[in-house]
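**Q** Prediction below, plus the sequence it came from.
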Amino acid sequence: MNLDDHIFDFESFDRASGLGGTDVAGVLGLHPYKTPLDVYLEKHGEGAPFKMNEAVEMGNKLEPIVADLYYDRRGLAADGRGLKMFTPGTIRHPDHPWAYGSPDRLIFDAKEGRWLWGLEIKTTGFRSEHRWGESESNKYPREHLIQCAWYMWITRAMCKLQGFEPVRFWDLCVLITGQEFRHYRIHHDQEIEDWCVEAAREFWHDSIQGSSPPQPETRDASNLVRLWPKDEGYMLEANEDQQQLIRDFQSVDEQIRELETQRDELKTAIKCIIGDASGIESDWFSITWKARKQTKRTDYKALVKDLNPSKDIVDQYTKLGTAQRPFLAKFKGAKK
């Protein structure tokens, strides 16, 4: 079996063809920004479009700098074994083609020609600093533990394919607010590996190949319209369990409405106290009510009406919006 048959260019690799490290963290419910349903929709081409933001862009630009910092801080140049660090691209498991990983770096023994361990690189801001403990501690985000465990499983199989001793650990490093470098070592744990692999295998075969979507979570609210983008025009007859669910919803909805009314009344009373001041404060609170500068807004409907463009030009600048399904609840009479 040729090693090159399992290593692919990162940019051209089809990520819908398998599960990667961040996917598995999502499948296990341990990723703060990705649910099992997110993974399901992404693999079926229905996921939310990726939007590059400044944090992601800066993370990409800082990655080689943090990698060099790791290489120097860990003394790899002075190790004496001729250790090299490289970006491997995307690696597919030799026995499970639905499993792949894209490690940030692999450390390579140039003398023996074998992989020794891997490195996962992160950058974060002050809002997430509390999730990271001191260097060499066991406090780091759980999703990164899963990601490193997944990469270890894949690279260990690749080491076996080459006839080398398997990778025994994975390093994780982070640059916090561009100023503080921390590093951690994650050792191979067979129990964690088995847990990841079994959950991922079941998810891939049942949810992806079997097209059986996972149970949505509360944070999946925006995903539901992607799962069911349109209705078929008929009404369901609620059974007793479903009616109880609706009663619970009605009760909570009424409580929220009452609290919102009470909050608005209190807010109005506070504004009347503030009057033409900028706010009100004490030793335990500060409330401001400051005027903002007026903003300019373009009336595009009036603009189009005055310019009277042709239909072809209008069509050229018209884009389909995301599917919408308004959720409307109407209750008839008193609660039953």
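**A** That came in fine, so what should we check first? The model shown is predicted, which means the values in this text are computed figures rather than measured ones.
**Q** Check the gap between K43 and A238 for me.
**A** Separation of K43 from A238 (CB to CB, to the nearest Å): 33 Å. For the C-beta atoms, the positions are set from N, CA and C on the backbone; glycine is no exception.
**Q** Of these two, which one has the most company?
**A** K43 (21 against 11; other CB atoms under 10 Å).
**Q** That one touches A16, doesn't it?
**A** Yes: with contact defined as CB atoms under 8 Å, K43 counts as touching A16 (5.1 Å).
**Q** Flag the shaky bits of this protein, pLDDT-wise.
**A** 1-6, 10, 78-80, 323, 334-336 (pLDDT under 70).
**Q** For it, which segments count as strands?
**A** Per DSSP state E, the chain carries strands over the ranges 7-8, 83-86, 90-92, 100-101, 105-109, 114-124, 169-176, 180-187, 279-281, 286-288.
**Q** Could you list the buried residues of stretch 30-50?
**A** 30-31, 34-43, 47 (16 or more other CB atoms under 10 Å).
**Q** quick one: that stretch to chain centroid distance?
**A** Computed by CA atoms, centre = their mean, to the nearest Å, the chain-centroid distance of stretch 30-50 equals 8 Å.
**Q** Straight-line length of it, end to end?
**A** The straight-line separation of the ends of stretch 30-50 (CA to CA, to the nearest Å) is 20 Å.
**Q** Give me the contacts around that stretch.
**A** 15-16, 19, 22-23, 25-27, 29, 141-143, 146, 203, 207-208, 211, 213-217, 219-220, 222-223, 226-227 (CB atoms under 8 Å, 6 or more residues apart in numbering).
**Q** can you tell me which of the residues you listed are in helices?
**A** Per DSSP state H, helices hold the following members of those: 22-23, 25-27, 142-143, 146, 203, 226-227.
**Q** Save those as JSON lines, and put in neighbour count too.
**A** Below are the ones in helices among the contacts of stretch 30-50 laid out as JSON lines (neighbours: other CB atoms under 10 Å):
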{"residue": "T22", "neighbour count": "19"}
{"residue": "D23", "neighbour count": "27"}
{"residue": "A25", "neighbour count": "25"}
{"residue": "G26", "neighbour count": "26"}
{"residue": "V27", "neighbour count": "25"}
{"residue": "R142", "neighbour count": "14"}
{"residue": "E143", "neighbour count": "21"}
{"residue": "I146", "neighbour count": "25"}
{"residue": "F203", "neighbour count": "25"}
{"residue": "R226", "neighbour count": "18"}
{"residue": "L227", "neighbour count": "14"}
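**Q** Can you tell me which of these lies closest to R105?
**A** Closest approach to R105 among those (CB to CB): T22, at 16.6 Å.
**Q** gap between the closest one and F108?
**A** T22 is 24 Å from F108, by CB to CB.
**Q** related to what we said a few turns ago, which one of the strands of the chain is the most hemmed in?
**A** strand 100-101 (a mean of 24; mean count of other CB atoms under 10 Å).
**Q** so how far is that strand off the chain centroid?
**A** Distance, stretch centre to chain centre, for strand 100-101: 17 Å (CA atoms, centre = their mean).
**Q** Show me what it is packed up against.
**A** strand 90-92, helix 142-162 (3 or more CB pairs under 8 Å, 6 or more residues apart in numbering; DSSP states H and E).
**Q** quick one: buried residues of the longest one?
**A** Judged by neighbour count (16+ other CB under 10 Å), helix 142-162 contains these buried residues: 143-159, 161.
**Q** Any idea which of the strands of the chain gets closest to T261?
**A** strand 286-288 (19.6 Å).
**Q** Would you tell me which helix is longest in the protein?
**A** Max-length helix for the chain by DSSP H is helix 240-274.
**Q** for that helix, packing partners?
**A** On a contact count with 3+ CB pairs under 8 Å, 6+ apart, helix 240-274 meets strand 279-281.
**Q** can you list contacts of the strand it packs on?
**A** 270, 273-274, 286-290.
**Q** let's see 7 Å
**A** Strand 279-281 has contacts (CB atoms under 7 Å, 6 or more residues apart in numbering) with 273-274, 286-289.
**Q** Grab the nearest non-local neighbour of F126.
**A** T177 (5.3 Å; CB to CB, 6 or more residues apart in numbering).
**Q** how far away is that neighbour from G75?
**A** Taking CB to CB, one finds T177 at 25 Å from G75.
**Q** repeat for A302
**A** Counting by CB to CB - A302 and G75 are separated by 67 Å.
**Q** same thing with T35?
**A** Separation of T35 from G75 (CB to CB): 40 Å.
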